[in-house]
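>>> okay, structure incoming, though there's no sequence with it:
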DNA sequence: AAGTTTCTGTGCGGTATCACACATATGATA
DNA sequence: TATCATATGTGTGATACCGCACAGAAACTT
């Protein structure tokens, strides 16, 4: 496969698509397409990262695993962003795991090449930093939401965040997995999802959730969703 | 007051102290000392920031205010860091408020000067970015902690984070304020603090908390504290 | 010294979530 | 079609935290 195989795919990633043409051309030869399947681990907590990933269709969840085995999601990234910010922030590793929440593709770039491009201080750097600020907001708002809001609202938030990063209205995801992301019991998700289904906002069967009424979800979600969404829109256009 | 009045104070901030001498000399004339009193608002949510602040003795809390008036802390910064990362990350504002948790001093730098220095891509940029990654970890771990841990443990975490940023063993802080930070009821803090006092870890009277047994607190806190602490140590030496 | 404000302690009922147990339904496979 | 693994629904009791109400204690004011 030639080095330029990522051409059309790369533009599906909003950050890459926002680059000025010259910079995009310069970076393009260093991008290679990869595909991920559900549940795959992209980075291990504290593990060395060889590449940075620009999702095109994949959705990647950043989650922390407690010593006792429970887990909670701290953030999510799709084609609006990038996975592996530690590579340009200077830390190289992160104390959390990145796993595939929805199968799909990405383009990746070698860490060394990324760092060299970043150091130029051009549009690429500017975009990556603005994205990182948006991620900061997502994570901090997750903290607030975890503290102050009920499972129902958090499920809405989670569904909307996923829907934003997907072309389809169908999510392949069991309630068990959602529970791991939200850091709650599976039964809690069952109850909350049941309510949303009764209200006609979603429908689901065995690991398949369909968004029926996005407006309705937006009306049911807590303010946290909008805070994060607005910040992404503001920072990344 | 001459422009170099901040000389000794500035070195109390770990980020500034870690700069190579030439860079520090270059930056020094642009630093001006300021002092903050308890409860003062450093940045308003979404408000334009004119300066970036390098705390020397002040502790500043980043918190989000819900529409309904409740609040929760997403992060804290003291002399190990800086307040106003949005100024170099490119967003200029943040959707949260920064308020003074413990009165004290800082040195500040004009936004424009900061941005110019940042753009040089030298040690200053490297330090600021590594700090921001540490902050990212603090915020994300706060999200996890809010989800999975009990008030007792979170109070320990909060006390230790504050103690780390203070020279003294005494915290001037009412249970009411701590409750606002943790996003819980005041009574919940009363109960948790009562337990810690019975165990001989702290003592308090009317808005004054004394850390009696730091080791004991470290034994009682959840793993979240150590994750964040280790990450700060790793990234900022 | 008396009054006032602020801070802390405590009790009570309500609710959300938990942990566990088990029943049911769905889809895949033989 | 029968079997099996997986996903979802439901019930029960325990616990943590909430909201509210109010009492006591400490500091400040006059």
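Looks like it arrived, so ask away. Computed from a predicted model, the values in this text were never measured in an experiment. Numbers count the residues shown, from 1 in each chain, chains lettered A, B, ... in the order given.

>>> any low-confidence regions in chain A?
Across chain A, the ranges flagged by pLDDT under 70 are A:1-7.

>>> for stretch A:53-68, which positions count as buried?
Residues of stretch A:53-68 classed as buried: A:53-66 (neighbour count, 16 or more other CB atoms under 10 Å in any protein chain shown). From N, CA and C alone the C-beta is placed, and that goes for glycine too.

>>> let me know the closest of those residues to residue B:193.
Taking CB to CB as the measure, residue A:66 is the one of these closest to residue B:193, at 24.7 Å.

>>> residues contacting the closest one?
Residues in contact with residue A:66 (CB atoms under 8 Å, 6 or more residues apart in numbering or on different chains) are A:72, B:144, B:148, B:223.

>>> closest to residue A:211 among the buried residues of stretch A:53-68?
Taking CB to CB as the measure, residue A:211 sits nearest to residue A:59 out of these, at 14.1 Å.

>>> can you tell me what sits against stretch A:185-197?
With contact meaning CB under 8 Å, 6+ apart, stretch A:185-197 is reached by A:151-152, A:155-156, A:159, A:175-176, A:178-179, A:182, A:202-204, A:209, A:217, A:220.

>>> quick one: the residue sitting nearest the centre point of chain A and residue B:78, what's the gap?
Nearest to the mean C-alpha position of chain A, by CA atoms, centre = their mean, lies residue A:77 at 1.6 Å. To residue B:78, residue A:77 is 30 Å away according to CB to CB, to the nearest Å.

>>> after the helix or strand where residue A:160 lies, next one along is what?
Element membership for residue A:160 (DSSP states H and E) is helix A:151-164. Scanning forward in sequence from helix A:151-164 by DSSP H and E, the next helix or strand is strand A:170-172.

>>> quick check: which helices or strands does that next one pack against?
helix A:151-164, strand A:208-211 (3 or more CB pairs under 8 Å, 6 or more residues apart in numbering or on different chains; DSSP states H and E).

>>> returning to what we had before: would you turn the contacts of residue A:66 into TSV with distance to residue A:18?
Compiled in TSV, the contacts of residue A:66 are given as follows (distance: CB to CB, whole Å):
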residue	distance to residue A:18
A:72	31
B:144	31
B:148	36
B:223	38
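
>>> so which of those sit within helices?
Within those, residues falling in helices by DSSP state H are B:144, B:148, B:223.

>>> looks like the first one contacts residue A:64 (just checking).
Yes. Contact status for residue B:144 versus residue A:64: in contact at 4.6 Å, counting by CB atoms under 8 Å.

>>> returning to that earlier point: so what's the residue nearest to the centre of chain A bridging to?
Beta-bridge pairing for residue A:77 (DSSP bridges): residue A:60.

>>> identify the residue nearest residue A:163 in space, chain neighbours excluded?
Nearest-residue entry for residue A:163: residue A:211, 5.3 Å, with adjacent residues in sequence omitted and distances by CB to CB, 6 or more residues apart in numbering or on different chains.
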